[in-house]
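Visitor: here is my input; please provide its structure:
(one chain, ligands or ions: 2)
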Amino acid sequence: MPDTIRAADALARRLYAAGCRTAFGMPGGEVLTLIDALETAGIRFVLAKHENAAGFMAEGVHHVDGAPAILVGTIGPGTLNGVNVVANALQDQVPMIVLSGCMDADEAQTYTHQVLDQQAVFRPITKASFALNAGAAHVIADKAIAIATEGRMGPVHIDVPISVADTQITAIAPPARAPASPGAPSGTDLETARGWLATAKRPVMIVGVDAVNQGANDAVRRFAEMYQVPVITTYKAKGVMPEDHVLSLGGAGLSPLADKTLVPFVQSSDLILCVGYDPIEMRPGWRDIWDPRVQNVIDITAAPNHHYMHQATLNFVTDCAATLGALSDGTPPQATWTQGEVAAAKASLAAAFPTDDVWGPAAVIDTCRKVLPAGTRASADSGAHRILLSQMWHCEAPRALMQSSALCTMGCAVPMAIGAKLAAPDVPVVSFSGDAGFLMVAGELSTAAELNVAPIFVVFVDASLALIEKKQRERQLSNTGVDFMKHDFAAIGKAFGGAGVTVQSRAELEIALQDAMAADTFSVIAAIIERGAYDGRI
Ligand SMILES: Cc1ncc(C[n+]2csc(CCOP(=O)(O)OP(=O)(O)O)c2C)c(N)n1
Ligand SMILES: [Mg+2]
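Guide: Ligands and ions are numbered 1, 2, ... in the order given. Here you go, the predicted structure:
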């Protein structure tokens with residue numbers, strides 16, 4: 001083993017040690033050493049056709065392998081194309097290492113082509129931004145991973161100057177930072193909380209993304225079953241509790257229709273346990289829905305929250321599972337919700353989102369759910385379809401439905417599905433997109449073809465920005481900028497080497513799904529639905 005390596009190798013080796021096996025992006029001359037270092041370390045570099053999509057492919061891999069996502073962008077336009085996905089990683093709490101090529105600091109004093117302050121761009125949308133420095137390359141690599149993965153997960157940016165990447169440094173890395181051990185509350189606040197749990201007659205849990213990122217699903221389920229606590233999750237935490245469980249009230253977030261059941265239910269509770277819940281995913285209808293002086297509210301979060309969307313009676317900045325363990329240790333369970341309120345809420349939600357439409361978006365979702373096997377991984381884009389899907393698509397496990405639900409960006413579902421399928425080719429993967437969101441990233445079908453992966457891309461074709469058109473109509477504004485052509489999505493799929501089929505009935509969709517599951521290429525299934533099909537449905 002040589003005793004010196006390039007600074008870029010130090011970075012790549014540390015990422016490999018963190019479990020990273022795939023990086024996504026688009027090269028430019030300024031990142032060639034970096035890409036070579038990644039490949040040398042055992043991290044495959046995948047060429048996407050847009051850096052934003054590259055970031056979502058990387059996120060898709062992360063949801064499968066748990067390692068930080070890696071996005072690579074070259075100087076200037078390349079890196080700037082990733083702004084949206086990096087902001088998403090911050091708001092949606094995705095550990096992501098963003099590597100960007102840049103000019104050497106001395107060069108940048110006299111050479112200006114494509115040069116801009118990339119750190120200034122990324123600082124507000126990352127947890128930290130570094131400029132790689134050869135002498136500190138090992139330390140910066142370790143810090144970046146620690147910051148991205150500890151506490152609230154999120155993105156960390158590293159600007160990699162061209163000649164720094166190539167600078168020889170010692171191959172010997174200092175010891176890595178030991179991960180922080182999970183903390184639990186103690187003292188009088190814990191005793192108070194335990195007292196509330198022991199006497200609560202109508203407790204409820206609202207579980208969010210921290211619980212997913214901390215792998216607290218088993219702890220949530222055990223706790224819920226022991227104390228008979230119904231569980232509501234945010235969209236990102238769907239499946240933390242299997243959604244067919246008698247105690248699961250499914251996902252909450254963007255559906256006023258679901259809120260009609262869920263908000264009064266929470267308001268009728270006498271103990272609200274927020275378990276890693278970040279209300280960044282919620283509509284204004286969830287702002288201050290309880291009074292922490294009247295209801296007992298315990299907020300368990302990975303980092304102090306100052307969102308002021310709600311307040312709690314007790315704030316624990318602790319680990320979700322460890323805290324549930326501390327609350328329940330020796331606390332006797334008692335009967336809760338004795339009037340059948342949980343089953344009634346479940347029934348009310350089921351009635352709000354019927355599955356028996358002959359055709360339309362709900363029929364598309366219902367058919368896909370019935371035909372695709374348990375364990376299918378799904379992704380959803382932003383738009384009216386996602387709200388309906390998030391209420392109707394029942395998840396058996398965490399991360400079974402990937403989406404952007406804090407930033408709520410369009411264009412994420414297709415690349416996330418490509419990444420997830422690449423990371424676990426044997427698991428069925430389906431993405432759901434609106435027609436506009438699909439068009440934002442249709443070029444990435446080329447990447448699916450090149451990677452030889454076979455996800456199923458379902459497109460809700462209504463020739464409309466349905467969610468926005470609905471809002472525009474509700475406000476009685478003129479119909480402007482929300483309608484577009486009904487494009488031939490099946491033909492787009494075929495053009496990129498996949499299968500493509502247009503469906504207009506449950507029977508056609510069923511056949512298309514069966515064919516797609518048997519296919520060895522990706523499939524685009526264009527489901528034609530009526531304009532305005534979401535009226536009264538979300
Ligand atoms: C990148 C981005 N641009 C704009 C928006 C605002 N927006 C939210 S939903 C939506 C409509 C999406 O239309 P489509 O993909 O066809 O889905 P549909 O609502 O029709 O189901 C828009 C424009 C957004 N969330 N993200
Ligand atoms: Mg649409």
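
Visitor: now do the SS call for residue 87.
Guide: Using DSSP: H, G, I helix; E, B strand; the rest coil, the structure places residue 87 in helix.

Visitor: what does residue 232 give?
Guide: Secondary structure assignment for residue 232 (three-state DSSP): strand.

Visitor: can you pull the contacts of it?
Guide: Applying Cβ atoms under 8 Å, 6 or more residues apart in numbering to residue 232 gives the contacts 204, 205, 206, 207, 249, 250, 251, 252, 262, 265, 266. (Glycine included, C-beta is placed from N, CA and C.)

Visitor: tell me the one of those residues nearest residue 536?
Guide: Among the contacts of residue 232, residue 262 lies closest to residue 536 (Cβ to Cβ), at 17.9 Å.

Visitor: isn't the closest one right next to residue 249, touching?
Guide: Yes. With contact defined as Cβ atoms under 8 Å, residue 262 reaches residue 249; the gap is 6.4 Å.

Visitor: anything in contact with each of these two?
Guide: The contact lists of residue 262 and residue 249 share 232, 345, 349, where a contact means Cβ under 8 Å, 6+ apart.

Visitor: distance to residue 289 and pLDDT added to these, as JSON lines?
Guide: Output for the shared contacts of residue 262 and residue 249, formatted as JSON lines (distance: Cβ to Cβ, whole Å; pLDDT from 0 to 100):
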{"residue": "232", "distance to residue 289": "12", "pLDDT": "98"}
{"residue": "345", "distance to residue 289": "15", "pLDDT": "98"}
{"residue": "349", "distance to residue 289": "17", "pLDDT": "98"}
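
Visitor: what's the closest of the residues you listed to residue 274?
Guide: Closest to residue 274 out of those is residue 232 (10.1 Å), distances taken as Cβ to Cβ.

Visitor: so what sits opposite the closest one in the bridge?
Guide: residue 206 (DSSP bridges).

Visitor: and residue 169, by the same measure?
Guide: If you apply DSSP bridges, the partners that residue 169 bridges to are residue 5.

Visitor: for it, which residues are in contact?
Guide: 4, 5, 6, 7, 10, 134, 135, 137, 138.

Visitor: could those be laid out in CSV, adding pLDDT?
Guide: Converted to CSV, the contacts of residue 169 look like this (pLDDT from 0 to 100):
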residue, pLDDT
4, 98
5, 98
6, 98
7, 98
10, 98
134, 98
135, 97
137, 98
138, 98
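
Visitor: please convert the buried members of the residues you listed into ChimeraX selection syntax.
Guide: Selecting only the buried entries of the contacts of residue 169 in ChimeraX, with 16 or more other Cβ atoms under 10 Å as the criterion:
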select :5,6,7,10,134,137,138
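
Visitor: turn the contacts of residue 169 into TSV, including distance to ligand 1.
Guide: What follows is the contacts of residue 169, written out as TSV (distance: Cβ to the nearest ligand atom, whole Å):
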residue	distance to ligand 1
4	44
5	40
6	37
7	35
10	35
134	38
135	40
137	35
138	37
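
Visitor: rebuild the contacts of residue 169 as TSV, extending it with distance to residue 145.
Guide: Output for the contacts of residue 169, formatted as TSV (distance: Cβ to Cβ, whole Å):
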residue	distance to residue 145
4	22
5	18
6	19
7	16
10	12
134	19
135	19
137	13
138	11
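
Visitor: now the contacts of residue 169 in a markdown table, with distance to ligand 2?
Guide: Converted to a markdown table, the contacts of residue 169 look like this (distance: Cβ to the ion, whole Å):
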| residue | distance to ligand 2 |
| --- | --- |
| 4 | 55 |
| 5 | 50 |
| 6 | 47 |
| 7 | 46 |
| 10 | 46 |
| 134 | 49 |
| 135 | 52 |
| 137 | 46 |
| 138 | 48 |
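
Visitor: if we can go back for a sec, what about the contacts of residue 232, which are in strands?
Guide: Residues of these located in strands (DSSP state E): 204, 205, 206, 207, 249, 250, 251, 252.

Visitor: residues contacting the closest residue to ligand 2 within the chain?
Guide: Proximity of the chain to ligand 2 (Cβ to the ion) peaks at residue 434, 3.7 Å away. Applying Cβ under 8 Å, 6+ apart to residue 434 gives the contacts 381-386, 410, 459-460, 462, 465-467.

Visitor: now it. Nearest residue, chain neighbours left out?
Guide: Of all residues not flanking residue 434 in the chain, residue 383 sits nearest, at 3.8 Å (Cβ to Cβ, 6 or more residues apart in numbering).

Visitor: for the stretch 251-400 of the chain, what spans make up the strands?
Guide: 271-275, 296-301, 314-317, 377-380 (DSSP state E, counting those that start in this stretch).

Visitor: can you say which of those strands is packed in most?
Guide: Mean neighbours per residue, mean count of other Cβ atoms under 10 Å, is largest over those for strand 377-380, with a mean of 28.

Visitor: neighbouring strands for it, and are they parallel or not?
Guide: By DSSP bridges, strand 377-380 pairs with strand 401-403 (parallel), strand 429-434 (parallel).

Visitor: pLDDT on the longest one, on average?
Guide: The pLDDT scores in strand 429-434 average 98.

Visitor: and the first one, by the same measure?
Guide: Averaged over strand 401-403, pLDDT sits at 98.

Visitor: got a list of contacts for that strand?
Guide: Identification of contacts with strand 401-403 by Cβ under 8 Å, 6+ apart yields 59-60, 63, 235-236, 238-239, 377-382, 386, 389-390, 393, 395, 412-413, 416-417, 420.

Visitor: was I right about residue 156 contacting residue 148?
Guide: Yes. Here residue 156 reaches residue 148: they are 4.5 Å apart, a contact under Cβ under 8 Å.

Visitor: ok, for residue 503, nearest residue in space, not its chain neighbours?
Guide: Nearest non-adjacent residue to residue 503, counting by Cβ to Cβ, 6+ apart: residue 509, 4.4 Å away.

Visitor: tally of neighbours for the residue in the stretch 251-400 of the chain that ligand 1 sits nearest to?
Guide: Relative to ligand 1, the nearest point of the stretch 251-400 of the chain is residue 383 (2.5 Å; Cβ to the nearest ligand atom). A count of nearby residues for residue 383, using other Cβ atoms under 10 Å, gives 27.

Visitor: same question for residue 318.
Guide: 19.
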